[in-house]
Every structure is written in structure tokens, then in C-alpha cells.
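Engineer: Okay, here's the prediction I keep looking at, along with the sequence it came from:
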Amino acid sequence: MPPGLKIHKTKSQSVKVITSVAIIIAALGLTYVPLPGLKKTVIIVSGTELQEPLQILETKFEQENPNIKLELKFQGSQDMVNNYVDQKNDFKPTILIPANGEILPELSDRLRTTTQTEPFYDTPQPLAKTLLVGIAWPERGKVLFPNGRFQWSKLEQAMQAGNWGKIGGSSNWGSFDFVTTDPTRSNSGQLTLNLWTQSKLGGAINADSFNNSSIQTLFSLIKKSVYQPPRSTDILLQEFIVRGANDADVATVYESVALYRWQQSAASKGRPYQVYYLDPSIETTATAAIVRRDVEAATAKAAKQFLDFLTQPEQQAVFVRYGFRPVNNNIDLKTVPNSPWSQNIPGAEIKPSVKILPPPDSKTITEIQRQWERTN
């Protein structure tokens with residue numbers, strides 16, 4: 001074979017090899033670089049208590065999944081349900097994450113009456129847990145709860161008295177100010193009224209319990225005392241810290257935000273608030289549902305990918321750093337880096353010795369809202 005011909009063949013083979021490699025690289029590029037129009041947008045509506053951990057996890061997820069774009073929106077849990085059912089949002093949600101999973105059956109029932117179809121793609125998925133707790137500025141907590149235990153009866157007596165001088169506190173402390181969220185808009189306000197009603201009546205309650213005259217009187221007292229209650233728990237706590245002991249003395253909030261924002265109260269007021277576990281208390285689980293209305297199957301699949309991501313140990317540890325209890329029981333609360341349970345927060349306990357009750361059902365929540373709205 002003439003040498004020239006041999007050289008020409010080698011060059012031809014080289015060109016073919018280079019072309020093949022280029023095709024392979026291009027194919028791989030198509031796999032890992034999303035094409036315009038193929039990127040799925042998942043809109044998540046969550047309670048405000050999850051805002052900061054979700055913002056961190058949003059960035060991480062999008063880096064690992066460049067073909068999926070997340071959009072986060074935040075509303076009070078009851079607002080979330082009402083806005084979705086009544087189509088008041090100016091966007092179309094893909095995932096709803098109320099603070100209390102018990103709200104989702106209410107949503108499902110309300111949607112079924114109008115659509116007669118299954119409202120969710122899959123069974124709602126638990127993401128993180130927390131408890132309802134009380135908080136108080138230390139010197140005031142010692143006066144109100146001298147035995148170190150939160151008591152609804154003491155809280156009621158203080159609200160009836162109206163000022164600290166009448167209940168053993170300093171007259172310079174002024175009026176007694178209790179704070180909770182709006183029960184028509186927020187889950188923690190609903191849990192507060194549920195537990196307070198149980199304490200007042202001495203046991204389990206049902207929808208008829210709110211027709212009791214003593215409960216109607218209690219609701220009236222609370223409503224007058226918590227003028228213009230905040231719409232969500234995290235907003236309440238931030239306002240509690242800013243207002244300080246002169247305008248906010250005691251509040252009911254989630255353990256998660258109480259632990260996470262404790263350092264903020266220390267920096268702001270010098271003497272941070274004390275955490276009190278309610279006995280009994282209610283464990284509430286932030287639970288995610290992928291909705292069907294206006295959500296195509298491919299977008300629902302991307303949403304499921306995000307929810308599966310959130311339940312992995314590494315992401316569950318992020319929730320722990322923000323004061324949540326993981327749904328993955330293999331995670332040690334104290335060994336997670338920067339865990340609030342390793343910061344010696346006054347009153348915080350890994351395993352509080354209190355009775356834990358399930359959240360109220362949808363009928364009880366409805367009655368709590370009705371009683372609150374018709375109370376003067």
C-alpha cells in the first residue's frame with residue numbers, strides 16, 4: 001500500500017473518532033444541561049415556620065437538580081387552605097405544606113365537594129415535627145409559674161387581673177400581655193385554644209365543647225387580650241422579641257421557632273426568654289401534599305423528587321438546626337452540628353416529660369374558628 005494512502009486513511013479515522021467523541025459529549029450535555037422549555041417549575045406554599053430551612057434546601061436542591069426550578073411562597077396554615085380552595089392566589093401551587101398535617105383532610109373534604117375527584121397525587125408526606133410550647137421573659141415567668149411549670153389557669157388569672165401588680169409582680173411591669181396567633185389563619189393559635197379548652201373543661205373535648213358558657217367566656221377574655229393577633233407563628237415570635245417585656249410577656253409558639261430564635265432574643269434583650277413545655281402538649285407535623293389542580297404529571301414527578309430529597313438524613317439535619325424534630329427517628333438531636341438542643345437553652349428538653357396529644361381533628365378546628373369569629 002502506498003505510504004500516502006496509508007497516511008490519508010489514518011487522518012480519516014482520526015476525523016471519525018473526533019466526530020464520535022463530539023457526538024458523545026453533545027449527548028451528555030443534553031443529559032445534564034436542561035434545554036429551554038424542559039425545566040419544570042415547582043411552586044411550594046409553606047407555613048412561615050419552615051421559611052428559613054426551606055430557603056437553604058431550595059438552593060441545594062436546585063444545584064443538584066438543574067432541570068427543576070423551585071418557587072417558595074409562605075402563608076399561615078389556615079390561610080394556605082382557604083386561599084387554595086377559593087383560588088385567591090395569583091399563582092398555581094404544586095405543593096402545600098401546612099404546619100399541621102391534620103389540616104389536609106379538611107382541604108381534601110372541601111375540594112371533593114366541588115370537584116368529586118382525588119385532590120392529591122400521593123399520600124401526603126410528613127417532613128418535620130414540633131411541639132406547642134410556652135415562652136416567657138425569665139423574671140415574669142418566675143412570678144407567673146413559680147413551680148416552673150406552665151399552667152393555663154395562672155395565665156387566665158393574669159389576664160383577668162390585667163396587670164402585674166395584682167398577681168405578685170412589680171407594678172412597674174405594667175399590663176399583663178399574652179400573645180398567640182390568629183386561630184382563623186394560623187395552626188398554633190388553633191392548638192393554643194384547643195389545649196386551653198381541654199384544661200378548662202378537665203379532659204378531652206369535641207365540637208360541642210365550644211357551646212359551654214365557660215368556654216365562650218374564656219374565648220372572649222383571650223380575644224380582648226390579644227388585640228390584632230399575628231397571622232403566623234414566626235411573625236409572632238419576631239414581634240415578641242422586638243416588643244420585649246413591656247409589650248409582650250407570655251406567648252404560645254412552636255418549639256422549633258422558640259429554639260431557633262432564642263439566640264436572637266439573647267442578643268436583643270440581654271436576658272433571653274425561657275421555654276416552658278405544656279402538659280399536655282400537641283405534636284404537630286409539617287406535612288406536604290402534591291395537589292392535582294393545574295399540575296401536570298411531569299411537574300408532580302418533579303415535586304415528588306423534592307419531597308423525597310427533604311426526608312433524607314442530610315436534609316433532616318438542616319431541619320434539626322432550625323429547632324424541628326426529624327421524621328427520621330435515626331437522627332440524634334444533640335449530635336447534629338449547631339443543634340439548638342446542645343446550646344443550653346433554658347427549659348429546652350430532648351425528651352420532655354409531658355403527655356403528647358394528637359392534633360385536633362378538622363371538626364374541632366372548625367368549631368374553634370367559629371367560636372373565635374363570633375366572640376366579642
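Structural biologist: Looks like it came in fine.
Engineer: Next, count neighbours for residue 167.
Structural biologist: Residue 167 has 18 neighbouring residues, counting by other C-beta atoms under 10 Å. Using the backbone N, CA and C atoms, a C-beta is placed for each residue, glycine as well.
Engineer: next one: residue 148
Structural biologist: Neighbour number of residue 148 under other C-beta under 10 Å is 10.
Engineer: What separation is there between it and residue 252?
Structural biologist: Note on residue 148: its distance to residue 252, by C-beta to C-beta, to the nearest Å, is 17 Å.
Engineer: so who does residue 240 touch?
Structural biologist: The neighbourhood of residue 240, defined by C-beta atoms under 8 Å, 6 or more residues apart in numbering, consists of 135, 179, 248, 251, 253, 273.
Engineer: rerun that using 7 Å as the cut-off
Structural biologist: 179, 248, 251 (C-beta atoms under 7 Å, 6 or more residues apart in numbering).
Engineer: okay, those residues in a markdown table with neighbour count, secondary structure and distance to residue 55 next?
Structural biologist: As requested, the contacts of residue 240 are exported to a markdown table (neighbours: other C-beta atoms under 10 Å; DSSP: H, G, I helix; E, B strand; the rest coil; distance: C-beta to C-beta, whole Å):
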| residue | neighbour count | secondary structure | distance to residue 55 |
| --- | --- | --- | --- |
| 179 | 22 | strand | 25 |
| 248 | 21 | coil | 26 |
| 251 | 25 | strand | 24 |
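Engineer: For residue 188, state which of the residues you listed is nearest.
Structural biologist: Of all the contacts of residue 240, residue 188 sits closest to residue 251, with 9.4 Å by C-beta to C-beta.
Engineer: quick one: that closest one and residue 257, what's the gap?
Structural biologist: Counting by C-beta to C-beta - residue 251 and residue 257 are separated by 10 Å.
Engineer: again with residue 102
Structural biologist: 19 Å.
Engineer: And the strands in the stretch 201-350 of the chain?
Structural biologist: Remark: strands assigned in the stretch 201-350 of the chain by DSSP state E, counting those that start in this stretch are 250-254, 274-277, 281-290, 325-326.
Engineer: Need the winner for burial among those strands.
Structural biologist: With neighbours defined as mean count of other C-beta atoms under 10 Å, the strands of the stretch 201-350 of the chain peak in mean count at strand 250-254, which reaches a mean of 26.
Engineer: isn't residue 313 right up against residue 327?
Structural biologist: No: under the criterion of C-beta atoms under 7 Å, residue 313 makes no contact with residue 327, lying 10.9 Å away.
Engineer: the more surrounded of those two?
Structural biologist: Neighbours were counted for residue 313 and for residue 327 using other C-beta under 10 Å; residue 327 has more, 18 against 11.
Engineer: and that one, what is it in contact with?
Structural biologist: 126, 127, 128, 129, 311.
Engineer: Most neighbours among these, which one?
Structural biologist: Going by other C-beta under 10 Å, residue 128 tops those with 28 neighbours.
Engineer: State which strand of the protein is the longest.
Structural biologist: strand 125-136 (DSSP state E).
Engineer: roughly how far is that strand from the heart of the chain?
Structural biologist: Counting by C-alpha atoms, centre = their mean, to the nearest Å, strand 125-136 is centred 8 Å from the centre of its parent chain.
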